[in-house]
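Participant: okay, sequence plus prediction incoming.
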Amino acid sequence: MSFSTLLGSSSSSSHPLVPYGWDAGWEAEFAPYAGQGLLPGRVVRVDRGLCDVVTPAGTVRADTEFVVPRDPMKVVCTGDWVAVDPEGRDPRYVQTLLPRRTAFVRSTSSKRSEGQVLATNIDYVVICVSLAAELDLGRIERFLALAMSGSGGEQPLHSSALSWESGAQPVIVLTKADLVPEAATLAHLVQDVETVAPGVAVLTVSSALGEGLDVLAAVLSGGTSVLLGQSGAGKSTLANALLGEDVMDVQAIRDVDGKGRHTTTTRNLLALPGGGVLIDTPGLRGVGLWDAESGVGQVFTEIEELAADCRFHDCAHLAEPGCAVLGAVESGELPERRLDSYHKLIRENQRIVAKSDARVRAEIRKEWKRKGAEGRAAMEAKRGGRR
């Protein structure tokens, strides 16, 4: 992908919140509350029912008691735009949340059917992958599926340049590139990642040496970005390098297993000196999918395209006769690992959906039984033909 397609134009407005993403769209959304004397602001941090909000008058501490919803998907989150009490009121309260353009959501637990909003109103999802450890392509596919299917907002995006299902553009950043000094080896690693991330920009950076930061900073200057990745992926170090100062705490990874500790414990929103806004997040041990069917389809576009030539329109690509996907695996066109990962993510997403929808749950059970019977019959017929 050409990096020039990722670069956005900056607003010429002189509004004090422009560095935090304020634009004509947010101004229009806030207009009714301006008439009530409220202040616009963006949530930069949330902590136990209180939040830090950057406003035209500076950063204020506000209580979220008036906007506590029953739906956990609508709790105040880092990245939200809000209306807060004006100066002089003590304590200050968040009076309302403006409609979200985008939201990045994951499943909170494999045992519960609840989503957790990690960040809102984002334009770029930056997936950080450390080159200090062996590449886990399956985990990258999982992060991408989540990034590409993040929940859309309550209104259309104002930027027509964003074309992913979630409304946010995924970018993969291979961190700690200085640990791979051979250019040929680094190129092979980039190519490996590109094969599982069709249409996604893959950048290499070294925060220690400052390499690749200028390209990444140029990309992120076009909007709000959220950094995602496991502990030890170098997110906080990367955030500090982009900010030009040590704002985020950094800890060394463990020598015994190369994994990191949870340096960042809250989600923090910070304005970048070259433009754009950055949200750093705690390292994610679990990356549970949440309504990610569209995201899985985008990550595995080649499987979706092959499936169009399957004999049966509802082919599960398991053991059905005339399956173009299985044929591609047998010919070597499609790596078996890739199909296994696809099946795994599809099954996981179906389980998440089924937990919250009894009708879907019953349909999935019925479909599994039918496909299982068809698969067994096909295998029996195949074995009978060999006798």
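Facilitator: The structure has been received and is ready for your questions.
Participant: any idea what the closest residue to G229 other than its chain neighbours is bridged to?
Facilitator: Excluding its sequence neighbours, the residue lying closest to G229 (Cβ to Cβ, 6 or more residues apart in numbering) is C128, at 3.5 Å. All C-beta spots, glycine's among them, are computed from the backbone N, C-alpha and C. Beta-bridge partners for C128, by DSSP bridges, are V173.
Participant: how many other residues sit next to C128?
Facilitator: When neighbours are counted by other Cβ atoms under 10 Å, C128 registers 26.
Participant: just to check, it is in contact with L227?
Facilitator: Yes. With contact defined as Cβ atoms under 8 Å, C128 reaches L227; the gap is 5.9 Å.
Participant: anything in contact with each of the two?
Facilitator: K235, L238 (Cβ atoms under 8 Å, 6 or more residues apart in numbering).
Participant: spatially nearest residue to V82, not counting backbone neighbours?
Facilitator: V94 (4.8 Å).
Participant: ok but the one you found is inside a strand, no?
Facilitator: Yes. Under DSSP: H, G, I helix; E, B strand; the rest coil, V94 falls within a strand.
Participant: okay, D47: pLDDT?
Facilitator: The confidence metric pLDDT takes the value 88 at D47.
Participant: give me the beta-bridge partners of it?
Facilitator: Assigned bridge partners for D47, using DSSP bridges, are L50.
Participant: kindly provide the distance from the residue nearest to G229 to I140.
Facilitator: 11 Å (Cβ to Cβ, to the nearest Å).
Participant: swap in V43?
Facilitator: Counting by Cβ to Cβ, the gap from V43 to I140 is 29 Å.
Participant: what do you get for K176?
Facilitator: The value you get for K176 to I140, if Cβ to Cβ is used, is 15 Å.
Participant: give me the most central residue, the chain.
Facilitator: Closest residue to the average C-alpha location of the chain: A147 at 3.0 Å, with Cα atoms, centre = their mean.
Participant: so which bits of the helix or strand hosting it are buried?
Facilitator: Using DSSP states H and E, the element containing A147 is helix 137-148. For helix 137-148, the neighbour count (16 or more other Cβ atoms under 10 Å) marks L137, R139, I140, E141, R142, F143, L144, A145, L146, A147, M148 as buried.
Participant: CA atoms of that helix as PDB?
Facilitator: The C-alpha trace of helix 137-148 is given here as PDB (Å, rounded to 0.1, in the frame of the first residue of the first chain):
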ATOM      1  CA  LEU A 137       1.100 -14.800  12.400                       C
ATOM      2  CA  GLY A 138      -2.000 -16.200  13.900                       C
ATOM      3  CA  ARG A 139      -2.000 -13.500  16.500                       C
ATOM      4  CA  ILE A 140      -1.500 -10.800  13.900                       C
ATOM      5  CA  GLU A 141      -4.500 -12.200  12.000                       C
ATOM      6  CA  ARG A 142      -6.500 -12.000  15.200                       C
ATOM      7  CA  PHE A 143      -5.600  -8.400  15.900                       C
ATOM      8  CA  LEU A 144      -6.400  -7.500  12.300                       C
ATOM      9  CA  ALA A 145      -9.800  -9.200  12.400                       C
ATOM     10  CA  LEU A 146     -10.600  -7.200  15.500                       C
ATOM     11  CA  ALA A 147      -9.300  -4.000  14.000                       C
ATOM     12  CA  MET A 148     -11.200  -4.400  10.800                       C
END
